[in-house]
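Participant: here is the input, now give the coordinates:
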Amino acid sequence: MSRYAILSAGCEDLEYHGSTAIERVRRRNGVVRRDWLFFDSAEEAADYFYEYRACMEAA
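Facilitator: Reported below is the predicted structural model:
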């Protein structure tokens, strides 16, 4: 499992378990929202996860 967190006014975590889905957990003001992002292949999901992580680290 890979996990990446963004800290700002709220918190956004992406969790990738090596399959075709990524779980996005957003926390803000005590409210927790969970979303699932589904992809056609595990490779596509991994690419999205690592590209998203790279973009957020560069910002």
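Participant: what are the boundaries of the helices in the chain?
Facilitator: Using DSSP state H, the helices of the chain run over residues 42-58.
Participant: quick one: the strands in it?
Facilitator: Using DSSP state E, the strands of the chain run over residues 2-7, 11-16, 21-28, 31-38.
Participant: low pLDDT regions in this protein?
Facilitator: Along the chain, the model assigns pLDDT under 70 to residues 1-9, 58-59.
Participant: any idea what the residue nearest the centre of the chain is bridged to?
Facilitator: Geometric centre of the chain, nearest residue: Leu14, 2.2 Å, by C-alpha atoms, centre = their mean. Counting by DSSP bridges, Leu14 is bridged to Tyr4, Arg24.
Participant: and for Trp36?
Facilitator: Glu23.
Participant: burial check on Tyr52, number of neighbours?
Facilitator: Counted by other C-beta atoms under 10 Å, the residues lying close to Tyr52 total 18. Where you see a C-beta, it was placed from the backbone N, CA and C, and this is true even at glycine.
Participant: that one and Val25: what is the separation?
Facilitator: 14 Å (C-beta to C-beta, to the nearest Å).
Participant: with Tyr16 instead?
Facilitator: 12 Å.
Participant: next: Ala46.
Facilitator: Distance of Ala46 to Val25, given as C-beta to C-beta: 19 Å.
Participant: then Phe38?
Facilitator: 16 Å.
Participant: of these two, give the one with the bigger neighbour count.
Facilitator: Set Phe38 next to Val25 and count neighbours by other C-beta under 10 Å: Val25 wins out with 15 against 10.
Participant: thanks a lot, see you next time.
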